[in-house]
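Peer 1: next input, structure requested:
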Amino acid sequence: MKPDPDRTGFDEILRRVRTAVANPALAADRRLPGETRLAGETGFLGNALVARWQQEFRALSGHAYGPLTPAAAIGQARDLLVARGAHEVLAWDDEALPVPNLSQALAAVGIKTIHPQVNTDPAALDHVAVGITGASAGLADTGSIIVTSGAGRARSAALVPPVYLAFLPVRSIYPDLPTWMAQEGARLLPGTANLVIITGPSRTADIELTLIIGVHGPGEIHVILIDETAADDPIG
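Peer 2: Numbers count the residues shown, from 1 in each chain. Have a look, this model is predicted:
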């Protein structure tokens, strides 16, 4: 019987994938200069974990800030929005964010915070240029963030506006997706309405490989890292 050419091509694709997965040049196997591991340790150590996430995220054209205290993180977000001339933002409820009283801080500089509800007409949100959420986790090997939606955590805030801003606690950065699933994800999933893994701005390419940014999601992503153990100062 003659070999099936379609099957032969499929087997070749699988062979290439298996070879690539074992390739030490992949992001998951790269090391930061001076990074070391303990015997039996599978994660990244100390500040190297945060630095690795920042390196991968910036390689995706993401904008990272911090780590900052919660109050300083609000100040950073406020300054970013003011510089952009934003008058409204689409955001999670304050209680769902890892920073205190964001709506109040933004209102003080004339920025209105919209908290979308389940029955909110998406068309009514088209004019809002910036979305703000928290992030449940960061994945250091790919520079991704995990955003879980639910009550008070509308997924539209992360997907609809062209500019997206997330607050990510550094304690929630994990080496990779399997580690997060084992340590935290399995606990969160039952109470999660939707989960999105965001890896850089939205990218789309047509058959001619013309890359377009921001067609099916935000074209610009900012993440403010938060160190919740650091001493806080009042918002200036």
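Peer 1: looking at the protein, which helix or strand is least sure?
Peer 2: Across the helices and strands of the chain, mean pLDDT, DSSP states H and E gives its lowest value to helix 5-21, namely a mean of 61.
Peer 1: elements contacting whichever helix or strand comes after that helix?
Peer 2: As assigned by DSSP states H and E, the chain's next helix or strand after helix 5-21 is helix 47-59. The elements that helix 47-59 packs onto, with contact taken as 3 or more CB pairs under 8 Å, 6 or more residues apart in numbering; DSSP states H and E, are strand 63-68, strand 137-139, strand 173-174, strand 220-226. Quick note: C-beta positions are derived from backbone N, CA and C, even for glycine.
Peer 1: quick one: the residue most central in space within the chain and Thr120, what's the gap?
Peer 2: In the chain, the centroid-proximal residue (CA atoms, centre = their mean) is Ile145; its distance is 2.8 Å. Distance check for Ile145 against Thr120: by CB to CB, to the nearest Å, it reads 23 Å.
Peer 1: please apply the same query to Gln55.
Peer 2: On the measure of CB to CB, Gln55 and Thr120 end up 37 Å apart.
Peer 1: follow-up on the earlier one: among the helices and strands packed on helix 47-59, which is the most enclosed?
Peer 2: strand 137-139 (a mean of 25; mean count of other CB atoms under 10 Å).
Peer 1: give me the sheet partners of that one and which way each runs.
Peer 2: Sheet pairing for strand 137-139, assigned by DSSP bridges, gives strand 144-149 (antiparallel), strand 173-174 (parallel).
Peer 1: give me the contact list for the shortest one.
Peer 2: In other words, strand 173-174. By CB atoms under 8 Å, 6 or more residues apart in numbering, the residues outside strand 173-174 that reach it are 43, 49-50, 53, 137-140, 180, 183-184.
Peer 1: hmm, the residue nearest to the centre of the chain is touching Gly134, no?
Peer 2: No - with contact defined as CB atoms under 8 Å, Ile145 does not reach Gly134; the gap is 9.5 Å.
Peer 1: overlap of the contact sets of the two?
Peer 2: 166, 168.
Peer 1: just how off-centre is stretch 69-82 within its chain?
Peer 2: 17 Å (CA atoms, centre = their mean, to the nearest Å).
Peer 1: contact partners for Gly143?
Peer 2: Counting by CB under 8 Å, 6+ apart, Gly143 has contacts 53-60, 62, 199-200.
Peer 1: in TSV, list those residues along with distance to Ile114 and neighbour count.
Peer 2: Converted to TSV, the contacts of Gly143 look like this (distance: CB to CB, whole Å; neighbours: other CB atoms under 10 Å):
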residue	distance to Ile114	neighbour count
Trp53	29	28
Gln54	30	21
Gln55	34	16
Glu56	31	22
Phe57	26	25
Arg58	29	14
Ala59	32	12
Leu60	27	15
Gly62	24	23
Thr199	26	16
Gly200	25	19
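Peer 1: pLDDT and distance to Pro161 for the residues you listed - can I get that in a markdown table?
Peer 2: Formatted as a markdown table, the contacts of Gly143 follow (pLDDT from 0 to 100; distance: CB to CB, whole Å):
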| residue | pLDDT | distance to Pro161 |
| --- | --- | --- |
| Trp53 | 95 | 23 |
| Gln54 | 96 | 23 |
| Gln55 | 94 | 26 |
| Glu56 | 94 | 23 |
| Phe57 | 95 | 19 |
| Arg58 | 94 | 21 |
| Ala59 | 92 | 23 |
| Leu60 | 90 | 18 |
| Gly62 | 94 | 16 |
| Thr199 | 92 | 18 |
| Gly200 | 85 | 16 |
